[in-house]
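> Could you work out the structure for the sequence below:
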Amino acid sequence: MKVEEVAWFAGQLYPRWNEQKVAALVEHFGLDPKQKVKHLSRGMNAQLNLALVLGHDPELLILDEPAAGLDVIVRRDVLESIIQVINAEGRTVFFSSHLVHEVERVADQVAIIDQGKLLVCGELEAVRQQVKRVLVRVADAVDFAGVPGLRRVQGVGRQRLLTIFDYGDQAQAQVEAAGGQIVEVIDLSLEESFVEHVELPS
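I've put the predicted structure just below:
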């Protein structure tokens, strides 16, 4: 079957089908409507699938690893199309991916799941801010074990890098009470925060 035939067939399955939108997306992706689907590359297939799932104007769009296995350029086009749908139409998109840095580009609410267990769920910025790295200067041997939310301590000599969950005034006070002079509090990306949530403390 050709691209245009697959699009026509899909349209027969839905009473609410936006033929113009599908045609516009096919053109946007640079797909040839006359080309046979079996000759499409993996990236082209992903683009065609995205065009088809948007064809019936779904209120909820569920995408599981939509950009997996695609090259960087095609992956960007797919993600940009998702962003356009969200911004232009206010659609709800449930987006599941192991490519965390790409989730960060499109999501406003995120959840981290590890081995079937929900570890954290909330607004993107709140999840990112949940974990901090705190660079401290120390004069002597210190023990930060009493710092609430402490995940790990790295470094030797005069500096230590602390990873702390729910860093705030209490943790800051405990770091200073233990003999650490705070040099910098470092924000994490969503990907770094993800690693800290799922990785066992060292």
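> residue ranges with poor pLDDT in the chain?
Within the chain, the segments meeting pLDDT under 70 span 85, 200-202.
> what's the domain layout of it?
For the chain, automatic domain parsing gives the domain ranges 3-107, 125-198.
> what ranges do the strands span in this structure?
Remark: strands assigned in the chain by DSSP state E are 60-64, 92-96, 109-114, 117-123, 131-138, 150-154, 159-165, 180-187.
> Now the residue lying farthest from the centre of the chain: closest residue in space that isn't a chain neighbour?
Going by C-alpha atoms, centre = their mean, the residue of the chain most distant from its centre is D140, 40.6 Å out. In space, and not counting its chain neighbours, D140 is closest to G179: 6.6 Å by C-beta to C-beta, 6 or more residues apart in numbering. Every residue, glycine included, has its C-beta placed from N, CA and C.
> so how far is Q172 from that neighbour?
From G179 across to Q172, the span is 13 Å (C-beta to C-beta, to the nearest Å).
> Now for the closest residue in space to L31 that isn't next to it in sequence: which residues touch it?
Once flanking residues are discounted, L31 sits nearest to V3: 5.6 Å by C-beta to C-beta, 6+ apart. By C-beta atoms under 8 Å, 6 or more residues apart in numbering, V3 lies in contact with 26, 31-37, 40, 48.
> From the opening residue of stretch 47-58 to its closing one, how far?
Using C-alpha to C-alpha, to the nearest Å, the end-to-end distance of stretch 47-58 comes to 17 Å.
> Which positions within it qualify as buried?
47-48, 50-52, 54-56 (16 or more other C-beta atoms under 10 Å).
> again, but for stretch 91-103
For stretch 91-103, by 16+ other C-beta under 10 Å, it's 93, 95, 97, 100, 102-103.
> and what of stretch 14-22?
Going by 16+ other C-beta under 10 Å, stretch 14-22 has these buried residues: 17, 21-22.
> again, but for stretch 148-167
Quick answer for stretch 148-167 (16+ other C-beta under 10 Å): 149-151, 153, 160, 162-165, 167.
> Distance to E199 for the residues you listed - can I get that in a markdown table?
As requested, those are exported to a markdown table (distance: C-beta to C-beta, whole Å):
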| residue | distance to E199 |
| --- | --- |
| G149 | 15 |
| L150 | 15 |
| R151 | 9 |
| V153 | 15 |
| R160 | 19 |
| L162 | 15 |
| T163 | 10 |
| I164 | 15 |
| F165 | 12 |
| Y167 | 18 |
